[in-house]
Every structure is written in C-alpha cells, then in structure tokens.
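Chemist: just coords:
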C-alpha cells in the first residue's frame, strides 16, 4: 500500500512540475538563501580577513544575491573546520570552507583525526599565493644565496612546526645549508624584531599579508630577500628560487611536496556532493569577484596582492599532492624536523599536528 501511495505522489509532483531541491537550477537556488564561509582559524588572521573581504563582495555575482556570513571554527590547525565541511555541512552549496592550505598534505601524511579526502572537495579557488621567502638582515656576512653553503647563518624560528620553521629545517637537513636554527620566538613579528637587533641574521616568512606588514622590511633597506621556496622565482623580487640549489630528483620531489602547501594560497572549497551546476556557479562567481573594482580597491588599501587561482587549478594542485609517493612523504616528514629531533618522537610536521588533540 505504501509503495502505491508513493507512486501516486510521485506522479502528482511530476504532473504539477514540482522540482526537487537538489534539481533546482543553480540560477534560482540561491534566492533568499544564506551562504556560510567556515574559516578554520580565529578572527583577525589572514584567512579570516580574506573570507570577510570575499563575503562583502561575492554576493553580487551569485544570482539571487544571497547573504554571505563568516563563521570562525578554530581548532587543531583548521582540522576541525575541514572535517566539518566534509562530513557535517549541507551538500547543497550553502556552506563553503576556507581551511589551512596544509590540509591536503595532512590527509596525505595520514595525520590523526583527518576525516576527509581532499580530492573529493569541490575546490572553488584561491585569491592569492603568499610566497614563502628567507628574509636576511643586510648586516649579515651572507651576501648571496650560495654563501649559505660556505658560511653559517643564524636563522630564527618559532619552534612550532609551521612553514616558517619547517622550511629552514628542510634546507639544512636536505640541501646542506649551514643554518644554525634558533627556536623559541613567539611570532614572525618577534623574529623581525630579533633580526633588527642582530640577535639573528635571518628568518622565513611570507612576503605578503594584510596591511603589507612584510614588504616594508625590504623597502626600508633593513632586510633583503635571499630566495623563495616555490619552484619558480617570484616576479619582481629579483632573487632565485631555492630549487636552483636542488641536486637530485629526490630532493626536488621533497621540496615540491613542501612547496605545494604554499602554492595553494588561501584555498576555498565546497563539500563533496554539491550539484555540479552550483559548484560551477560558485567558481565563476569567485572568479568575477576577484576582478570586482570595489574588491580590488579594498584589497589594495589592505596591501593584499591578488593572485587568483581558479577552482580547477586548485583541484589540480591538490590531486598532485595526493599523488605524492609515500616514501617521499615519509622522508619529507623526517627532514622537516630540527636535526636534534630527527631521532626523537616529534609529533608535528608541515604546520599540522600529527596528534592534533594531544
């Protein structure tokens, strides 16, 4: 009897032309809706600032002009938010996420409590590529990149397993650069202050960021950039990429795996299972927003440098990370630790806690 009633109901809805929500055209779906951008960090950081900037402008490029809000969901290096978007968030296009760019690598490294497959996310795009570089005090005796293989360079670090600590450790352990890494600094700002006081000679950090906090270090003549960590040189910096000092194929693979996090920029994704036409709509809305005059003006006032990557480009990068051979992943994890910890039970790598809730 129930089957007969269901069949009758299906026939009636078909006759009346009622369209199931999942089949509702994307151009109509967002009218009267609200979109949440789930950010995996606390308010005020670069990810949060970018999400709120997008929220103020992206609605104009989505048919129906839905209200867009930002929800901060910090925890475990954005692992909590990433798991939420993959497993809990509705799969209808009303929730998108902005996780740490290290999340795809966390999945590949089988970090504890990862409950997502990065390849299955619907990647929307990224507004920037915030290049990781080595800043060096102009007073240092190291004058050119090749000098670091001959002279000791005192490099400051936070001691946390973030890119600004992991990067110098890999260059020391993998490429043989003569870095003496001094840990214990609380923040990149403390590292810059220490360099200005000649406590250290150099440190790693991204060169962009809100309010242009880092480029003035170079423009003032206080510091210069020694090299960047990505495979290609950064236009306008006039310095080489560290890949110029790679000698073996294994070294290249390990450095590429490390650099892959940086290349993802500030990635934005939708959960798996979102209808394809809505994913495409969100991608095209993001692309259009990145060219919006009002957004560009506001981003410029914050000294943000827009280097848009499409959802398709981010998906391709994530697929490349996921395809990294396990032996390269294992070797990269080992080399990312300070030499003193190579034989100890270190529980972090690439800015991601291997035991996030410990």
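Modeler: Ah, there it is. The shown structure was predicted, so the numbers you read here are calculated from the model rather than taken from an experiment.
Chemist: helices of the chain, start to end?
Modeler: For the chain, the helices defined by DSSP state H cover 2-16, 26-29, 46-57, 79-87, 103-108, 163-175, 188-196, 215-219, 249-263, 276-289, 293-301, 311-322, 326-335.
Chemist: how far away is residue 37 from residue 273?
Modeler: 18 Å (C-beta to C-beta, to the nearest Å). Where C-beta positions appear, they are placed from N, C-alpha and C, glycine not excepted.
Chemist: sorry, back to before: using a markdown table, lay out the helices of the chain together with mean pLDDT and distance to residue 243.
Modeler: Formatted as a markdown table, the helices of the chain follow (pLDDT from 0 to 100; distance: least, C-beta to C-beta, whole Å):
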| stretch | mean pLDDT | distance to residue 243 |
| --- | --- | --- |
| helix 2-16 | 46 | 59 |
| helix 26-29 | 91 | 41 |
| helix 46-57 | 94 | 25 |
| helix 79-87 | 95 | 29 |
| helix 103-108 | 88 | 18 |
| helix 163-175 | 89 | 10 |
| helix 188-196 | 86 | 23 |
| helix 215-219 | 69 | 21 |
| helix 249-263 | 91 | 6 |
| helix 276-289 | 98 | 29 |
| helix 293-301 | 94 | 29 |
| helix 311-322 | 96 | 16 |
| helix 326-335 | 89 | 15 |
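Chemist: please identify the deepest-packed of the ones you listed.
Modeler: Sort these by mean neighbour count, taking mean count of other C-beta atoms under 10 Å, and helix 103-108 sits at the top with a mean of 27.
Chemist: that helix packs against which elements?
Modeler: helix 79-87, helix 249-263, helix 311-322, strand 352-353 (3 or more C-beta pairs under 8 Å, 6 or more residues apart in numbering; DSSP states H and E).
Chemist: to residue 234, which of these lies closest?
Modeler: Across these, the minimum distance to residue 234, taken as C-beta to C-beta, is reached by helix 249-263, at 10.8 Å.
Chemist: list the contacts of the closest one.
Modeler: With contacts defined as C-beta atoms under 8 Å, 6 or more residues apart in numbering, helix 249-263 is touched by 101-102, 104-105, 129-132, 163, 166-167, 170, 174-175, 206, 229-231, 242-243, 246, 317, 320-321, 324-325, 328-329, 331-332, 335-336, 350-351.
Chemist: how far off helix 163-175 does it point, in degrees?
Modeler: 170 degrees (axes from the mean of the first three to the mean of the last three C-alpha atoms, to 10 degrees).
Chemist: tell me how far helix 249-263 is from the chain's mean position?
Modeler: How far helix 249-263 lies from its chain's middle: 15 Å, per C-alpha atoms, centre = their mean, to the nearest Å.
Chemist: hang on, the earlier thing: of all the helices of the chain, which one is nearest residue 156?
Modeler: Per C-beta to C-beta, nearest to residue 156 of the helices of the chain: helix 188-196, 4.5 Å.
Chemist: so what secondary structure elements neighbour the closest one?
Modeler: Counting by 3+ C-beta pairs under 8 Å, 6+ apart, helix 188-196 packs on strand 132-137, strand 153-156, strand 202-206.
Chemist: can we see that at 7 Å?
Modeler: Secondary-structure packing of helix 188-196 (3 or more C-beta pairs under 7 Å, 6 or more residues apart in numbering; DSSP states H and E): strand 153-156, strand 202-206.
Chemist: what pairs with the last one, and is each one parallel or antiparallel?
Modeler: Just to be clear, that refers to strand 202-206. strand 132-137 (antiparallel), strand 153-156 (parallel) (DSSP bridges).
Chemist: closest to residue 181 out of the helices and strands packed on helix 103-108?
Modeler: Of the helices and strands packed on helix 103-108, the one closest to residue 181 (C-beta to C-beta) turns out to be helix 249-263, at 15.8 Å.
Chemist: residues touching residue 195, list them.
Modeler: 135, 137, 156, 201-203, 223 (C-beta atoms under 7 Å, 6 or more residues apart in numbering).
Chemist: rerun that using 8 Å as the cut-off
Modeler: 135-137, 156, 201-203, 223.
Chemist: look up how far residue 135 lies from it.
Modeler: Distance from residue 195 to residue 135, by C-beta to C-beta: 7 Å.
Chemist: leaving out chain neighbours, which residue sits closest to residue 294?
Modeler: residue 57 (6.1 Å; C-beta to C-beta, 6 or more residues apart in numbering).
Chemist: distance of the one you found from residue 127?
Modeler: 11 Å.
Chemist: please apply the same query to residue 99.
Modeler: Counting by C-beta to C-beta - residue 99 and residue 127 are separated by 14 Å.
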